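Novice: need a structure here:
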Amino acid sequence: MNSAEPKRDMTGRHILIVEDELLLALDLQSIVEDIGGAVLGPASSIETALALLGDTKPDAALLDANLRGRRVTPVAEALKRRGIPFAMVTGYGRLAMAEPILQQAPRVRKPFNAEDIRAALVVMLDGSP
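Specialist: Purely as a prediction, here's the structure:
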């Protein structure tokens, strides 16, 4: 790891993953666990994600913009109401996401790598890279 890479360990942090593509969800889960985080989910639907949020309070969330043809907006709104930071993990550009709550969120472009995810989590949780 070079000095420009985020070094923060996510031990003790709970990260909600909302992604409907199984391989991507498992990849995100593996990345979060490799840096010491605990995964909530992965949730592949809005309903599952909202149910998880009803039972737990994650430290942060990684959201796919489109879940089986539906925008993840209700999940983003629930996270915002609870003061939980989130990032969009998506192939969509900001302009393709009409909802301001999705446009304004930090974004990790697909395809992503472990350092992209780690950097997004560090910024969300610590406020600095």
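Novice: which sections of this protein are below the confidence cut-off?
Specialist: When residues are selected by pLDDT under 70, those of the chain lie in 1-8, 94-95, 128-129.
Novice: which residues in it form helices?
Specialist: 22-34, 46-55, 73-81, 100-103, 114-126 (DSSP state H).
Novice: just confirm M88 contacts V108, I think it does.
Specialist: Yes: with contacts counted by C-beta atoms under 8 Å, M88 reaches V108, the gap being 7.1 Å. Heads up, the C-betas are built off the backbone N, CA and C, glycines and all.
Novice: so between these two, which is more surrounded?
Specialist: M88 (25 against 18; other C-beta atoms under 10 Å).
Novice: separation between that one and P106?
Specialist: As judged by C-beta to C-beta, to the nearest Å, M88 and P106 stand 7 Å apart.
Novice: pull the contacting residues for G91.
Specialist: G91 is in contact with 109-110, counting by C-beta atoms under 8 Å, 6 or more residues apart in numbering.
Novice: center of this protein, which residue is that?
Specialist: For the chain, L62 is the residue whose C-alpha lies nearest the centre (C-alpha atoms, centre = their mean; 0.6 Å).
Novice: check contacts around that one.
Specialist: Neighbours of L62 in contact, by C-beta under 8 Å, 6+ apart: 15-19, 28, 32, 86-87, 89, 108, 117, 120-121.
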